[in-house]
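Asker: sequence plus predicted model, see below.
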Amino acid sequence: MARYGMVIDLERCQGCRACMEACKVENNTPQAAFWMYVFRFEEGEFPNTKIRFLPRPCQHCDNAPCVKVCPVGARYKRQDGIVATDWERCIGCRYCQVACPYGVNNFNWKAPEKNQYLDWKDKDIQTASNGAVPPYDNPDLDKPYGPERRKIAGSGHAKGVIEKCTFCVQRTDGGSGTTACANICPASAIHFGDLDDPNSKVSQLIKSRRAFRLLEEWNTEPRVYYLGEPPSVKVREIEKVKAKV
Ligand code: SF4
Ligand code: SF4
């Protein structure tokens, strides 16, 4: 079985945030929930400053603290490497949110709504999307996924449960397809695939270039790898996204 992972090339990322946008469209997430978030930050001191970007999805850790702390077994690790939340079991205690060192969990405060991110009836949006209306319920709350046949929290948005990046399980379940962020990136900075296959693009990339993982020293064993220079500890975030919960 494939074991998924992601490789993000920081030298290619232009910080355009198209991946954030694609994630929101694909998964219809609430305004202030960013399953993929691209940090824009400034490094160094004037006049020797540099602008850099860091896209951050859930790291789908192999040794995930969020899975360990969940008191009801709702947060679980799938055989294919995806870390998911079984929304039928989640009691909304938010322990996973506290335990995760990457800040990628979002608590769903509101009852589910369609079109909660974009109003697809808006004239400008209709012009831009050429009348296309994307699917809204990703992953479908009523559908069991994976060999475990469990229902995964996502954009059906069950109120009072935790949601986060699912590696687009609705696209990738069963071994084909890629995530919406990898699909859209105009700079080909995001790659998704089978890290257990030595011939896959993702395996080749992490062998060929200097790869690192975020907070590796915490022993979380993330399945997301970055290529390029790790961000320094002294950075200033700029252009933060403003959104209402
Ligand atoms: S779409 Fe690609 S280039 Fe744009 S911010 Fe995301 S990773 Fe960077
Ligand atoms: S990044 Fe956070 S939520 Fe995702 S698997 Fe790791 S600990 Fe869990």
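Answerer: Structure's in. What do you need? Ligands and ions are numbered 1, 2, ... in the order given.

Asker: when you work out contacts or count neighbours from here on, use the C-alpha atoms and nothing else.
Answerer: Fine.

Asker: and residue 65, what are its phi and psi?
Answerer: The phi and psi values for residue 65, taken as degrees, to the nearest 10, are phi -60, psi -30.

Asker: so it makes contact with residue 102?
Answerer: No. Applying Cα atoms under 8 Å, one finds residue 65 not in contact with residue 102, separated by 10.6 Å.

Asker: more crowded one of these two?
Answerer: For residue 65 against residue 102, the residue with the higher neighbour count under other Cα atoms under 10 Å is residue 65, and the figures read 20 against 14.

Asker: and the more buried one, what does it touch?
Answerer: Counting by Cα atoms under 8 Å, 6 or more residues apart in numbering, residue 65 makes contact with 96, 99, 100, 220.

Asker: can you name the residues of this protein that neighbour ligand 2?
Answerer: Those residues of the chain that sit near ligand 2, judged by Cα under 6 Å from any ligand atom, are 58, 59, 60, 61, 64, 65, 66, 83, 100, 102, 104, 105.

Asker: which non-adjacent residue is nearest the residue most central in space within the chain?
Answerer: For the chain, the residue lying nearest the average C-alpha position, counting by Cα atoms, centre = their mean, turns out to be residue 57 (3.1 Å). Once flanking residues are discounted, residue 57 sits nearest to residue 36: 4.4 Å by Cα to Cα, 6 or more residues apart in numbering.

Asker: ok, how many other residues are close to that neighbour?
Answerer: Counted with other Cα under 10 Å, the burial measure for residue 36 works out to 21 neighbours.

Asker: same question for residue 215.
Answerer: Residue 215: 12 surrounding residues under other Cα under 10 Å.

Asker: thinking again about what came up before, can you list the residues of the chain next to ligand 2 in a markdown table and add pLDDT, distance to residue 114 and secondary structure?
Answerer: As requested, the residues of the chain next to ligand 2 are arranged in a markdown table below (pLDDT from 0 to 100; distance: Cα to Cα, whole Å; DSSP: H, G, I helix; E, B strand; the rest coil):
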| residue | pLDDT | distance to residue 114 | secondary structure |
| --- | --- | --- | --- |
| 58 | 98 | 24 | coil |
| 59 | 98 | 27 | coil |
| 60 | 98 | 27 | coil |
| 61 | 98 | 30 | coil |
| 64 | 98 | 31 | coil |
| 65 | 98 | 32 | helix |
| 66 | 98 | 28 | helix |
| 83 | 98 | 25 | strand |
| 100 | 98 | 28 | coil |
| 102 | 98 | 28 | coil |
| 104 | 97 | 22 | coil |
| 105 | 96 | 21 | coil |
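
Asker: would you mind checking these for buried ones?
Answerer: Buried subset of the residues of the chain next to ligand 2 (neighbour count, 16 or more other Cα atoms under 10 Å): 58, 59, 60, 61, 64, 65, 66, 83, 100, 104, 105.
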